[in-house]
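Novice: What shape does this take:
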Amino acid sequence: MYEDIIFSIDFLSFVWIPTMLILSINILVLFEEREMAREMDGEDRRKKTIKTLKKLIFTTTPLYILTNYATIIIKNKYNSYDIRAQNDLFCKRFIVIIDNFSKKDINFLFTGFSVSSLFYNFLIELLPTIGIDTEDLQSRIHYKIKPVLDGERVSFIKVYRLWTGIENLLNRSDIGLLIADYFTLSKAGIIGELFLGTKNLRESIEIIKRFLSLMINNIHFRYEEVEDDAIFYFDIVPRFVIPLSITECYIKICYNWVREYSGMDIFPIEEISFYRAKPKHFKFYELNFPKAKVSFSKSENFIILKKDIFYKKNKNKLSLSYEYILKHAQNIKKNISNSSSFTQKITNQILINMPEGKNCICSISKNLNVSTSTIKRKLYNENTNFKRLVEITRKELSISMLKDKNLTYEEISYLLGYSQYSPFFRAFKNWYHDSPSTYREKLLSGKLDLS
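Specialist: Below you'll find the model as predicted:
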């Protein structure tokens, strides 16, 4: 908040006041010259008018450029909403904030994000192999660790608790890379069979794009070809929650599967880019990908490779039952899709986009590849609307975040998709008839019963 005040003072002092002063002087001079032009006749008046217009252009254009340049400089100096810095901070605190969520909040906000029983049970089975004592881990994450039935979906929150518990217990930043090496194609069930049964890797990518949600439904990716290169963009959502270790695990699994499919010991990667900040184990990339350009704290996660690799013929023995497996996968996907309401799907998108301030219906319609009118109509059929969902999501999250005294009001405002504190303050007062600070005091002192 204080940085916002400093930014405002700097903006007024160095940009706005001088700009308005110079413009005022120009306007006065122009008025005076216009009066003089009125007293002239014919050619003299025309020349005077042209001279006045030139003066206006030559004085205001540099002023406009200078104003914009100064604004950028000051914003960079006092930018308190750096996305990656805030996301890394929030990611560290998210597991604490989860403890403050009621079951109602979790059901409303995170029901749509889930993982298959196959991957969840794989993590549990892996614990002794990587040196984790189950009893010790249970005491840290505060729930009993046990396998779930085949076909069940496991909530994102439950898997997130398990993952961060493993990461904290082993105290290793490269835990994602370690886990990925154990999740081979044979461990991946129907997804692994579909991946191996195609004519080439390009087909395998399309299969994964269609059916990855059977295993985990909060990974988004797209494949593009630019000249001789193939670019593989990927994202795990909600982005503001997911640590680098989970992103690394996903991309290392893909890398291992592609190597297994192609029979290549070393798979040539030209460039790797991560959204998160550089980890402690950065040397891993220098050792394993010495020729690749590796970047962190970028705007997107992506990998660049030579595209001809994706069109090499599959040397594996193709399964005779591939068509049957494909139909079975389609039926499972249909059942999963039907179990989630449209309202929940839109709520998921709101959560994904919220910290980046993209909570407009247009950006969400683009993500889902449906028109805004379709979104409005389907939400209307489920007795709600887009504006109400955004407000409910912010309202539910705000209370859980206020319970964490380590989060500042500016951080909460940012994570709820507000550009600054003042609009959050007004919205919160409208919801609960109290300021966020007063409400937090009541929450922490036990004066409010939210059960």
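Novice: what about Gln138, which SS state?
Specialist: The assignment at Gln138 comes out as helix when based on DSSP: H, G, I helix; E, B strand; the rest coil.
Novice: Tell me where the stretch 101-250 of the chain has strands.
Specialist: Under the criterion DSSP state E, counting those that start in this stretch, the stretch 101-250 of the chain carries strands at the ranges 114-116, 153-155, 219-226, 229-236.
Novice: Redo those as a markdown table? Include distance to Asn200 and mean pLDDT.
Specialist: All C-beta spots, glycine's among them, are computed from the backbone N, C-alpha and C. Compiled in a markdown table, the strands of the stretch 101-250 of the chain are given as follows (distance: least, Cβ to Cβ, whole Å; pLDDT from 0 to 100):
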| stretch | distance to Asn200 | mean pLDDT |
| --- | --- | --- |
| strand 114-116 | 26 | 84 |
| strand 153-155 | 31 | 83 |
| strand 219-226 | 13 | 85 |
| strand 229-236 | 12 | 87 |
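Novice: Using TSV, please lay out those strands together with mean neighbour count.
Specialist: Putting those into TSV (neighbours: other Cβ atoms under 10 Å) gives the following:
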stretch	mean neighbour count
strand 114-116	23
strand 153-155	18
strand 219-226	14
strand 229-236	18
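Novice: and Lys172, how many residues sit next to it?
Specialist: Check again: residue 172 is Arg, not Lys. Summarising burial for Arg172: neighbours were counted as other Cβ atoms under 10 Å, giving 16.
Novice: Could you verify my assumption that it touches Ile166?
Specialist: No: counting by Cβ atoms under 8 Å, Arg172 does not reach Ile166; the two are 9.1 Å apart.
Novice: quick one: Thr198 from Ser371, how far?
Specialist: 32 Å (Cβ to Cβ, to the nearest Å).
Novice: The two - which one has more neighbours?
Specialist: When Thr198 and Ser371 are compared for neighbours, Thr198 comes out ahead with 19 against 12, by other Cβ under 10 Å.
Novice: which residues does the more buried one contact?
Specialist: Thr198 makes contacts with Ser204, Ile207, Asn314, as judged by Cβ atoms under 8 Å, 6 or more residues apart in numbering.
Novice: From the residues you listed, which land in helices?
Specialist: Per DSSP state H, helices hold the following members of the contacts of Thr198: Ser204, Ile207.
Novice: Please tell me which one of the contacts of Thr198 counts the most neighbours.
Specialist: Tallying neighbours with other Cβ under 10 Å puts Ser204 at the head of the contacts of Thr198, with 20 neighbours.
Novice: quick one, what contacts that residue?
Specialist: For Ser204, the contacting residues are Leu194, Phe195, Leu196, Thr198, Tyr261, taking Cβ under 8 Å, 6+ apart as the criterion.
Novice: at 6 Å instead, please
Specialist: Shown in contact with Ser204 (Cβ atoms under 6 Å, 6 or more residues apart in numbering): Phe195, Thr198.
Novice: same thing with Leu379?
Specialist: The neighbourhood of Leu379, defined by Cβ under 6 Å, 6+ apart, consists of Asn385.
Novice: quick check, it in a helix?
Specialist: Yes: assessed by three-state DSSP, Leu379 belongs to a helix.
Novice: What distance do you get for it to His281?
Specialist: 44 Å.
Novice: buried set for stretch 421-428?
Specialist: Buried residues in stretch 421-428, counted by 16 or more other Cβ atoms under 10 Å: Tyr421, Phe424, Phe425, Ala427, Phe428.
Novice: For those, please prepare JSON lines with the additional fields pLDDT and distance to Ala230.
Specialist: Below are the buried residues of stretch 421-428 laid out as JSON lines (pLDDT from 0 to 100; distance: Cβ to Cβ, whole Å):
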{"residue": "Tyr421", "pLDDT": "85", "distance to Ala230": "44"}
{"residue": "Phe424", "pLDDT": "89", "distance to Ala230": "42"}
{"residue": "Phe425", "pLDDT": "89", "distance to Ala230": "47"}
{"residue": "Ala427", "pLDDT": "90", "distance to Ala230": "44"}
{"residue": "Phe428", "pLDDT": "91", "distance to Ala230": "47"}
